[in-house]
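Undergrad: Structural data only, the sequence is not supplied:
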């Protein structure tokens, strides 16, 4: 697939600082291939991969295959990927290791209030987080009530 070819070509791009692959429908298989490449992109600061339809298995593949190695990552966009509740629950262990994230976009994944609740520990630990985008996740009033991040420099978009 195209994502596999991209993943292979990224092996020689260790100094890459931004990778924006929005709207390419790479799916779960492509996310797995990209995850393997991410383990080598240790200087990556910005990863924007919304609207790729990676789903639960795709986010799991990325978390297992290299997303945690991105210790310079400041901007991570993974919105509109169909993660749902199950996929969202796969993110917290990885997010806890990505302490440099300043902006996080998980919009439109349909995680619901339970998915948001599973992310709260990670959000609290992400002390550099100043821009959090969660609209389009069917949070309703329960989700808004659980979201208690009292940090003056944090902008939350619901």
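TA: Looks like it came in fine. Just so we're clear, the structure is a prediction, and the values are computed from it rather than from any experiment.

Undergrad: Please name every helix or strand in contact with the longest helix along the chain.
TA: Longest helix in the chain by number of residues, with DSSP state H as the criterion: helix 112-125. Under the contact criterion of 3 or more CB pairs under 8 Å, 6 or more residues apart in numbering; DSSP states H and E, helix 112-125 touches helix 84-88, helix 92-95, helix 140-146. Bear in mind the C-beta positions are built from the backbone N, C-alpha and C, glycine included.

Undergrad: If we go by neighbour counts, what in the first one is buried?
TA: Judged by neighbour count (16 or more other CB atoms under 10 Å), helix 84-88 contains these buried residues: 84, 85, 87, 88.

Undergrad: Format these as a markdown table; extra columns: pLDDT and distance to residue 147.
TA: Shown next, in a markdown table, are those (pLDDT from 0 to 100; distance: CB to CB, whole Å):
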| residue | pLDDT | distance to residue 147 |
| --- | --- | --- |
| 84 | 95 | 18 |
| 85 | 94 | 16 |
| 87 | 94 | 19 |
| 88 | 95 | 14 |
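
Undergrad: Measure how far stretch 87-94 is from the centre of its chain, please.
TA: On the basis of CA atoms, centre = their mean, to the nearest Å, stretch 87-94 is displaced by 9 Å from the centre of the chain it belongs to.

Undergrad: Show me where this structure dips below the pLDDT cut-off.
TA: The chain contains residues with pLDDT under 70 at 1.

Undergrad: What segments of the chain are strands?
TA: Assigned by DSSP state E, the chain shows strands spanning 18-20, 46-48, 75-77, 103-105, 131-133, 155-157.

Undergrad: could I get those as JSON lines with distance to residue 60 and mean neighbour count?
TA: Below are the strands of the chain laid out as JSON lines (distance: least, CB to CB, whole Å; neighbours: other CB atoms under 10 Å):
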{"stretch": "strand 18-20", "distance to residue 60": "19", "mean neighbour count": "14"}
{"stretch": "strand 46-48", "distance to residue 60": "16", "mean neighbour count": "19"}
{"stretch": "strand 75-77", "distance to residue 60": "16", "mean neighbour count": "21"}
{"stretch": "strand 103-105", "distance to residue 60": "18", "mean neighbour count": "21"}
{"stretch": "strand 131-133", "distance to residue 60": "22", "mean neighbour count": "18"}
{"stretch": "strand 155-157", "distance to residue 60": "26", "mean neighbour count": "12"}
